[in-house]
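Engineer: what would the 3D arrangement of this be:
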Amino acid sequence: MIALVTGASSGIGRDIARSLAKHGINVIITARRLDRLQSLKKELTEQYGVKVKVIAADLSDTRQCIELHRRVRKYNIDIFVNNAGFGVFGEFTDTDLDRELSMLDVNVKAFHTLFKLFLQDFKKRDYGFILNSASSAGFLPGPCFSSYYASKAYIVRMTQAVHEELRAAHSHVSLSMLCPGPVGTEFMDKARVDFSMPPQSSEYVAEYAVREMFAGKLTIVPSPMIKAGIVLGKLVPDSVLAFFARQIQSRRERL
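Structural biologist: Next comes the predicted model:
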């Protein structure tokens, strides 16, 4: 088998690539930072003996998303991990517009483009696994993190809708979405945000995600507390959810 993992230079994407390699699966890893990808390639080939291909790409550019798909089609990808993304924290009126638009280019446009292109391939073959990286944030309004939460809601609803399309078509393509709470990665440093609840380890979340993906689980939530929160959230007014969402996150001060 062969997998493509986007956003593989750090965090959950990197650890999912490690988990897949541990299972003996060859991987194509892509992100912007070539040096980190090369370092990960060396680690995976030496530790697990798998084949690793590196492709440096900036997925905020839709043309590079389309080119990435074109370059890897010949490999007949079995697993597509649609993971690239980042967040911008702050009051909506205060955050930088260019930074937010760049985030939406990655979190929404790149997600949508690659999801569509690879799903079309998989559906023709009637086989394959797709794991979209969403978030528990996708089930909530997110004051002070509004654009990020909204981008993850797009992934949640798109994945749910397409999953139903595949079910109705009796497709054998397996579609999953990973919806963790806070995870201990570079994400929180870059977004300059802290959460009141302790983050889970990226390694644990990645292992859990891969296991549940292969089990055919649609919504993958690694934390029992977050899972309960998502269920309870369906019974609570959005205004209350927005209030509590704001309470669990705060701005990280610059050093």
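Engineer: what sits against the most centrally placed residue in the chain?
Structural biologist: Among the residues of the chain, the one closest to the centroid is Ser133, at 2.2 Å (CA atoms, centre = their mean). By CB atoms under 8 Å, 6 or more residues apart in numbering, Ser133 lies in contact with Gly7, Ile12, Gly13, Val81, Asn82, Asn83, Ala84, Gly85, Ile155, Met177, Leu178. For the C-beta atoms, the positions are set from N, CA and C on the backbone; glycine is no exception.
Engineer: just the ones of those in helices?
Structural biologist: Among the contacts of Ser133, the members falling in helices (DSSP state H) are Ile12, Gly13, Ile155.
Engineer: I'd say Val221 and Ser136 touch.
Structural biologist: Yes: using CB atoms under 8 Å, Val221 is in contact with Ser136, at 6.8 Å.
Engineer: now for those two: what residues contact both?
Structural biologist: Here Val221 and Ser136 share the contacting residues Cys179, Pro180, Ile230, scored by CB under 8 Å, 6+ apart.
Engineer: does the residue nearest to the centre of the chain have beta-bridge partners, and which?
Structural biologist: Counting by DSSP bridges, Ser133 is bridged to Leu178.
Engineer: would you mind measuring from it to Leu119?
Structural biologist: Separation of Ser133 from Leu119 (CB to CB, to the nearest Å): 15 Å.
Engineer: kindly report the same for Ile220.
Structural biologist: For Ile220, the distance to Leu119 - CB to CB - is 18 Å.
Engineer: so these two - more neighbours on which side?
Structural biologist: Taking other CB atoms under 10 Å, Ile220 and Leu119 do not tie; Ile220 has more neighbours (23 against 20).
Engineer: in contact with the more buried one, which residues?
Structural biologist: Leu131, Ser176, Met177, Leu178, Cys179, Tyr208, Ala209, Glu212, Met213.
Engineer: nearest to Lys234, of those residues?
Structural biologist: Nearest to Lys234 among those is Cys179, at 13.8 Å by CB to CB.
Engineer: near that closest one, how many residues? Count them for me, please.
Structural biologist: Neighbour count of Cys179, defined by other CB under 10 Å: 26.
Engineer: I'd say it and Leu140 touch.
Structural biologist: No: contact between Cys179 and Leu140 fails when scored by CB under 8 Å: they sit 10.8 Å apart.
Engineer: now the common contact residues for the two.
Structural biologist: Counting by CB under 8 Å, 6+ apart, nothing touches both Cys179 and Leu140.
Engineer: hmm, back to that, go through the contacts of Ser133 and name the one nearest Arg99.
Structural biologist: Comparing those against Arg99 with CB to CB places Gly85 closest, at 13.5 Å.
Engineer: do you know how far that closest one is from His172?
Structural biologist: Gly85 is 27 Å from His172, where distance means CB to CB.
Engineer: again with Leu140
Structural biologist: Separation of Leu140 from His172 (CB to CB): 33 Å.
Engineer: could you check the pLDDT of the closest residue to Arg33 other than its chain neighbours?
Structural biologist: Using CB to CB, 6 or more residues apart in numbering and skipping the chain neighbours, the partner closest in space to Arg33 is Ser9 (4.5 Å). Looking at Ser9, its pLDDT is 93.
Engineer: okay, and Ser9 sits in which element?
Structural biologist: Here Ser9 sits in a region with no helix or strand, counting by DSSP states H and E.
Engineer: that'll do, ta.
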